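*Asks:* Attaching a predicted model along with its sequence, questions to come.
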Amino acid sequence: MPLEHHPLAREFPDHRARLAKLFEEDSNFARLAGTYEALDRRIFEVEDGRAALDDLALNSLKLQRVTLKDEIAELLQRPA
């Protein structure tokens, strides 16, 4: 199975404009999105073999990413 990044634009393709707007206008959202993207890159590096991390730590990173994704999804659902 090929490795894939999970950027927010791909995870929420119907919300690209809202993602961009929130990123520019909401510092909390920008912080969450930045943390999500950094975690996604780190997970990809580990899964690709470019960085070493044990399975427990990798699963912890994945759980953090999912938690952030849920928070971001909640913010996207709020009225503009």
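*Replies:* That came in fine, so what should we check first?

*Asks:* For the residue most central in space within the chain, which non-adjacent residue is closest in space?
*Replies:* For the chain, the residue nearest the mean C-alpha position is Tyr36 (3.2 Å; Cα atoms, centre = their mean). Leaving aside its chain neighbours, Tyr36 sits nearest to Leu68 (4.3 Å; criterion: Cβ to Cβ, 6 or more residues apart in numbering). C-beta coordinates here come from the backbone N, C-alpha and C atoms, glycine included.

*Asks:* Outside of the regular element (helix or strand) spanning that neighbour itself, list whatever touches it.
*Replies:* Using DSSP states H and E, Leu68 falls within helix 55-77. Helix 55-77 is contacted from outside by 6, 8, 11-12, 15, 18-19, 22, 26, 29, 32-33, 35-36, 39-40, 42-43, 46-47, 53, using Cβ atoms under 8 Å, 6 or more residues apart in numbering.

*Asks:* swap the cut-off to 7 Å and go again
*Replies:* If you take Cβ atoms under 7 Å, 6 or more residues apart in numbering as the criterion, helix 55-77 is touched by 8, 11-12, 15, 18, 22, 29, 32-33, 35-36, 39-40, 42-43, 46.

*Asks:* Report the buried residues of it.
*Replies:* Going by neighbour count (16 or more other Cβ atoms under 10 Å), the buried part of helix 55-77 is Leu58, Lys62, Arg65, Leu68, Lys69, Glu71, Ile72, Leu75, Leu76.
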